[in-house]
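A.B. asks: With the sequence up front, the predicted model follows.
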Amino acid sequence: MTKAPVHRLATVLVSSLLLFGCDLPSDPTVAGELNRGRFEYLCVGETDVSCRDFDMASIFPEVFAVSGRFSVRFEPFDGGPLPRIEPASPRVLSYESAILTFEREGTSAILAARGDALVDYRHLSARPIVAVQFRNGSAESISALVFEDPAPLGLSAVPLDDRGRPLAGALSYQWRVVDESIARLVTSATGREVSVQPLSTGTTALEVSVGGHVELLPIFVELPPPERMPGDTQ
Amino acid sequence: MSLRACLVTVLLVGTACSTDYAGLEIVADDELGPGTVVDLRRVQIPEGRAIRVHARPRSSTARTFDDPEELLLRAENPDILRVFSDPEDWRWVLVGRATGPTCIEVVLGGVVEDCIVARVTQR
């Protein structure tokens, strides 16, 4: 590549960053496979990795976790009445009270139907969770929690499939610190994000259980000795 | 011409001018994935899949079936296979709901003319 095209590419990248900032434009919709409207992804809980805030998805996810929960809405291009949503196979993708849940690994279409007529559909797939990635407050992947002072640290879990893809859908998390004399959770143990506070010098692990998968994150605590106050005898 | 010959002639002319069901031409609109079969003898689709098809009855006479409203496709067991109509003429969407065998009834003018062997498979 010559210098001029590299220069132009850099200019375009810098301009894009200035225009959009660090947040890329989000679009939680995707066209139906018959191109008669768009499906919109709706979050049903804060534990969905696709949802930044409680009900705000940034994209329409491609792949879901087994047991992942979500909702969708279909906006038809013809401006007619909103079609009802139903899964192609309730055994793979169940539907109750407007919430879709992947019951097992596989593919199922979501259907947008009016009576016996189908307006559009879109196929979605679910994969089992085979790993959990831990991320610190700056969204960087971490392989251990290291404490050198008593301040708590926050982290989040990202469920991954066997190809390293984040898996969408709200999930039930269960966290615990293996040795609670070394560190403890200072937030709810059932969210996707937790905060851990060190208690004493030592080594333990943080355990998270999600979608039938259990992952451990080592915790290393090396706290400075307590400062001696004037008048202490020891 | 005798009365009998006259009746035979009327019957023959009438038959030549009417449609006579001679099978269903059925072709998938979408690219078929592995394990999926759609032809005039059988349909096989994986559970959870939706496939849009073009389906039109064939006639054994010179007259063709021209009224899409006359044709209705429906699964004998809709718990296994759902058949949805499509806004476009002669088009239908087949949906694999649960694994198992069934057949797709071809209804013409309210009369069941055929039942095409269908199966929904696990994958």
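C.D. replies: Cool, the structure landed. Numbering: from 1, shown residues only, chains lettered A, B, ... in the order given.

A.B. asks: who touches residue A:121 in this structure?
C.D. replies: For residue A:121, the contacting residues are A:32, A:33, A:34, A:88, A:109, A:110, A:111, A:112, B:50, B:93, B:95, by C-beta atoms under 8 Å, 6 or more residues apart in numbering or on different chains. In short, each C-beta sits where N, CA and C put it, glycine included.

A.B. asks: what kind of secondary structure is the second one in?
C.D. replies: The three-state label given to residue A:33 by DSSP: H, G, I helix; E, B strand; the rest coil is coil.

A.B. asks: ok, it - contacts?
C.D. replies: A:120, A:121, A:122, A:123, B:30, B:50.

A.B. asks: follow-up on the earlier one: so how do I select the buried members of the contacts of residue A:121 in PyMOL?
C.D. replies: Applied in PyMOL, the following selects the buried portion of the contacts of residue A:121 according to 16 or more other C-beta atoms under 10 Å in any protein chain shown:
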select buried, (chain A and resi 32+34+88+109+110+111+112) or (chain B and resi 50+93+95)
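
A.B. asks: For residue B:81, state which of the contacts of residue A:121 is nearest.
C.D. replies: Closest approach between the contacts of residue A:121 and residue B:81, by C-beta to C-beta: residue B:95, at 6.9 Å.

A.B. asks: List the neighbouring strands of the helix or strand where the closest one lies plus their orientation.
C.D. replies: Element membership of residue B:95 [criterion: DSSP states H and E] is strand B:91-96. With DSSP bridges as the test, strand B:91-96 is paired with strand B:50-59 (antiparallel), strand B:81-85 (antiparallel).

A.B. asks: buried residues in stretch A:32-49?
C.D. replies: Buried residues in stretch A:32-49, counted by 16+ other C-beta under 10 Å: A:32, A:34, A:36-45, A:47-49.

A.B. asks: Return the item of the residues you listed having minimum pLDDT.
C.D. replies: Among the buried residues of stretch A:32-49, residue A:45 carries the lowest pLDDT, at 85.

A.B. asks: Tell me the helix or strand right after the lowest-mean-pLDDT helix or strand in chain B.
C.D. replies: Least confident element among the helices and strands of chain B, by mean pLDDT, DSSP states H and E: helix B:3-17 (a mean of 49). Towards the C-terminus, the helix or strand next in line after helix B:3-17, according to DSSP H and E, is strand B:21-28.

A.B. asks: List the contacts of the following helix or strand past that next one.
C.D. replies: Scanning forward in sequence from strand B:21-28 by DSSP H and E, the next helix or strand is strand B:37-38. For strand B:37-38, the external contacting residues (C-beta under 8 Å, 6+ apart) are B:26, B:27, B:28, B:32, B:43, B:44, B:45, B:51, B:53, B:94.

A.B. asks: ditto for stretch A:97-109
C.D. replies: A:44, A:64-72, A:85, A:87-89, A:91-95, A:110, A:121-128, A:169, B:46-50, B:95, B:123.
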